[in-house]
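Participant: Only the shape, not the letters, is given here:
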Ligand code: MN
Ligand code: MN
């Protein structure tokens, strides 16, 4: 090989798509894995549903609640925070004081919440006031069949789980848009993103009045009657509720070749699901493996179930308190500094319809493997974690050594926009942190797209990280 051939071989743009690199067997595995993931996405649409489902999957594989720590020889545990945030742990040969290998993703997804006093009547329809959650484009959500998922807690503590609008026989809910014939002035002159205000998103949920002259709000009362019969609730119960509007229906294969999966919630269930599946398959790692599913990432990782909560510290302290005599705070802080983290979140793949927002030399492509991102943020990279070159090198090495398909990626052109992840909050503990997850198209829309190959690659990448990072 000439010296030029050697250099050419290492050119970044010579990376091949996973579809080209892998034969029938790998493809078959990827499709089988993705089919299960697709079913998961069809069934799981809120953070609570996500956590509940993963706990079931974990228990089936022998994971025990962390309260049973100390059970002889057992190494696989889980703990749940507020039903919306989950941690899975496989204890390593080394103590947690030597550091852990952590993959952290999030299970909340941009969606639309109901207000506390939601129901009203207008023009003989019953409507629902809403307040969106996370970075949505409001125009995506009108004229879609929507389902209602969530929980209502009554004053006496009774908990009512709600899933409405997924079954064929249940009426879906929807935001009715104005017809094009009459929208010239009220929408046509507006900029795309201001076409709808938050207060315009009033959801239609009823149109049949009760037949009683004395009743004032006949349609709203009819809706409340139905809800009372089905769930035993009254209007005041909406105050102590977490109810989310999400797209109704299933995740779907996309394309004549079915190379993609289109669904609500890839961001970030794709990382949560693949990293949980990866930790399920980890046996006796050298360092303790930790899989963290955070809530509230889409609004800044706030709140007690978000990445900024003390939950992760309590969990690691609890394990170290069991493992180490004389456990103290300094030990915890040193353990954090010795730990390695993949902040596993999605990236923006080059979209053929909107190429201009990407720098093609640094943009990820669907089907080219997991995306390693040194820094996120916006402008001069404000709001970012900036991974150390040393840690980047380690991650490159273990993935190359274990034949994991990976690529680099930044979130769009400089000054085009930007975004953040949970990375910077874990970096505050002085952990080694880098962002790594698959690229999507149509991110933050009700129908996000991911590559079947990347879904499987993420599982392999996270498993390799749990097993080989040191
Ligand atoms: Mn995300
Ligand atoms: Mn997001």
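Facilitator: Structure's in. What do you need? Computed from a predicted model, the values in this text were never measured in an experiment. Ligands and ions are numbered 1, 2, ... in the order given.
Participant: Spell out which parts of this protein neighbour ligand 1.
Facilitator: 267-268, 345 (CB under 5 Å from the ion). Any C-beta I mention is one placed from the backbone N, CA and C, and that applies to glycine too.
Participant: Just put the residues you listed in JSON lines and tack on pLDDT.
Facilitator: Output for these, formatted as JSON lines (pLDDT from 0 to 100):
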{"residue": "267", "pLDDT": "97"}
{"residue": "268", "pLDDT": "96"}
{"residue": "345", "pLDDT": "97"}
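Participant: Go through those and flag which are in helices.
Facilitator: Of the residues of the chain next to ligand 1, the ones assigned to helices by DSSP state H are 267-268.
Participant: check contacts around the residue nearest the centre of the chain.
Facilitator: Centroid check for the chain by CA atoms, centre = their mean gives residue 268 as the closest residue, at 2.0 Å. Listed by CB atoms under 8 Å, 6 or more residues apart in numbering, the contact set of residue 268 reads 105-107, 109, 297, 344-346, 437.
Participant: Now with 10 Å, please.
Facilitator: Contact analysis of residue 268 by CB atoms under 10 Å, 6 or more residues apart in numbering lists 50, 104-109, 275, 293-294, 297-298, 344-346, 421-422, 437-438, 440.
Participant: now the residues of the chain next to ligand 1 in a markdown table, with distance to residue 331?
Facilitator: Below are the residues of the chain next to ligand 1 laid out as a markdown table (distance: CB to CB, whole Å):
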| residue | distance to residue 331 |
| --- | --- |
| 267 | 36 |
| 268 | 31 |
| 345 | 29 |
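Participant: which one among the residues of the chain next to ligand 1 gets closest to residue 214?
Facilitator: Checking the residues of the chain next to ligand 1 against residue 214 by CB to CB gives residue 267 as the nearest, at 49.6 Å.
Participant: That closest one - nearest residue in space that isn't next to it in sequence?
Facilitator: Once flanking residues are discounted, residue 267 sits nearest to residue 346: 4.6 Å by CB to CB, 6 or more residues apart in numbering.
Participant: Could you grab the helix/strand/coil label for residue 163?
Facilitator: strand (DSSP: H, G, I helix; E, B strand; the rest coil).
Participant: and the residue nearest to it when sequence neighbours are not counted, how many neighbours does it have?
Facilitator: Leaving aside its chain neighbours, residue 163 sits nearest to residue 149 (5.4 Å; criterion: CB to CB, 6+ apart). When counting by other CB atoms under 10 Å, one arrives at 23 neighbours for residue 149.
Participant: Repeat that for residue 383.
Facilitator: 15.
Participant: now residue 231
Facilitator: Counted with other CB under 10 Å, residue 231 comes out at 16.
Participant: Could you find the closest non-adjacent residue to it?
Facilitator: Nearest one to residue 231, counting by CB to CB, 6+ apart, is residue 160 at 5.2 Å.
Participant: Alright, that wraps it up for me.
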